[in-house]
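> Got a predicted structure plus its sequence, pasted below:
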Amino acid sequence: MTDEAMMDDEMDGEEGVIKKFLYVNRKAPYGTIYALESLEVVLIATAFDQDVSLVFIDDGVYQLIKGQNTEGIGVKNFSPTYRALEMYDVEKLYVSKDSMAERGLTEDDLIVPVEVLDNDQMKTLMEEQDVILSF
């Protein structure tokens, strides 16, 4: 097979297919590995040019709180990394309206801009995805 024919086969195949990945963050930022692992997986997915969105539900909304101080628990504060997501073309960040309200939080409390969704909007968003990973 010639090099040109091989290139044509690659272009016709699954190479370059963009899938919609939704990462659902449900856990508080510290005390488990889930929040940091989610962030690392998101950054890896961006390297493969996938359509990446993040959702923060339940205690996952705490991952986006401004001014986190982790000195007392002896771990590195990784929350500033969320501000860098835009450089990786990750601009679709969603937060549960109910989760924010239950925790007395507003968008002003968050380190990055988000879109606040009610339960129906969240359901619609999830139905539109090809892959959903929950952390």
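That came through fine. Numbers count the residues shown, from 1 in each chain.
> Pretty sure Asp59 sits against Tyr30.
No. Taking CB atoms under 8 Å as the definition, Asp59 is not a contact partner of Tyr30, at 10.6 Å. Backbone N, C-alpha and C define where each C-beta goes, glycine included.
> tell me which element the nearest residue to Lys92 once chain neighbours are set aside falls in.
In space, Lys92 comes closest to Ser53 once its chain neighbours are excluded; the distance is 3.9 Å by CB to CB, 6 or more residues apart in numbering. Following DSSP states H and E, one finds Ser53 within strand 51-56.
> What residues are bridge-paired with Val131?
For Val131, the beta-bridge partners are Phe21 (DSSP bridges).
> quick one, what contacts it?
Under the criterion of CB atoms under 8 Å, 6 or more residues apart in numbering, the neighbours of Val131 are 19-22.
> of those, buried ones?
For the contacts of Val131, a burial check counting by 16 or more other CB atoms under 10 Å picks out 21-22.
> quick one: which two of the contacts of Val131 are the most distant?
Lys19 and Leu22 (10.3 Å; CB to CB).
> and Ile33, how many residues sit next to it?
If you count neighbours by other CB atoms under 10 Å, Ile33 ends up with 11.
> now the residue most central in space within the chain: how far from Leu36?
Centroid check for the chain by CA atoms, centre = their mean gives Leu54 as the closest residue, at 2.7 Å. Plainly put, Leu54 is 13 Å away from Leu36 if you go by CB to CB, to the nearest Å.
> for the closest residue in space to Thr106 that isn't next to it in sequence, what are its contacts?
The shortest distance from Thr106 to any non-neighbouring residue, by CB to CB, 6+ apart, is to Met100 (6.9 Å). Counting by CB under 8 Å, 6+ apart, Met100 makes contact with 61, 106-107, 116.
> Repeat that for Ile73.
Counted by CB under 8 Å, 6+ apart, Ile73 has contacts Tyr30.
> where does this structure have low pLDDT?
Applying pLDDT under 70 to the chain picks out residues 1-16.
> thinking Leu125 is in contact with Ser96, fair?
No. Counting by CB under 8 Å, Leu125 does not reach Ser96; the two are 10.7 Å apart.
> more neighbours, those two?
Neighbours were tallied for Leu125 and for Ser96 using other CB under 10 Å; the higher tally belongs to Ser96 (23 against 18).
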